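Engineer: just coords:
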């Protein structure tokens, strides 16, 4: 057993990077980025303005200049998202694509959590949420 375990920051950064890489690779094979995937999921719930989309995916935007608007262009070109006078909405074609992508992502998540019980997963998420709130995060 390791008598000098690595700190939580090491594991958080490593797992985050590996999740990003796996999702990027998996989704790229299907012609979307992780940010686009996230935006499609938000739009599947309800039409949204760019400001609402920015807020929904804020933790995943790269920097101050990054915006959901930049990630929507290809989705609009693919006819998966429509730009409307009040914002953006997922098209029927987009919903079909999202359903197919959801199957691929579910398989990836199953692989990533292999050997982790549902209880362990829920506890891990709850602990990470508590740490984030302790550090000042408010949703």
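Structural biologist: Okay, I see it. Source: prediction; values computed, not measured.
Engineer: any idea where the helices of the protein begin and end?
Structural biologist: Counting by DSSP state H, residue ranges of the helices within the chain are 8-28, 34-45, 50-56, 68-77, 92-112, 118-134.
Engineer: What are the buried residues along the first one?
Structural biologist: Which is helix 8-28. Within helix 8-28, the residues that count as buried by 16 or more other C-beta atoms under 10 Å are 23, 26-27. All C-beta spots, glycine's among them, are computed from the backbone N, C-alpha and C.
Engineer: Tell me the one of those nearest residue 55?
Structural biologist: Comparing these against residue 55 with C-beta to C-beta places residue 23 closest, at 21.0 Å.
Engineer: measure that closest one to residue 32 for me?
Structural biologist: The spacing between residue 23 and residue 32, counted by C-beta to C-beta, to the nearest Å, is 10 Å.
Engineer: distance of residue 95 from residue 105?
Structural biologist: 15 Å.
Engineer: which one of the two has more residues nearby?
Structural biologist: Neighbours per residue (other C-beta atoms under 10 Å) separate residue 95 from residue 105, with residue 105 holding more: 18 against 14.
Engineer: just to revisit the earlier point, between the helices of the chain, which gets nearest to residue 86?
Structural biologist: helix 50-56 (10.6 Å).
Engineer: Run the chain-centre distance for that closest one.
Structural biologist: Between the centre of helix 50-56 and the centre of its chain there are 13 Å (C-alpha atoms, centre = their mean, to the nearest Å).
Engineer: One more: stretch 121-131?
Structural biologist: Put simply, stretch 121-131 sits 17 Å off its chain's centre (C-alpha atoms, centre = their mean).
Engineer: Next, name the residue at the spatial heart of this protein.
Structural biologist: By C-alpha atoms, centre = their mean, the chain has its centre lying nearest to residue 38, at 4.5 Å.
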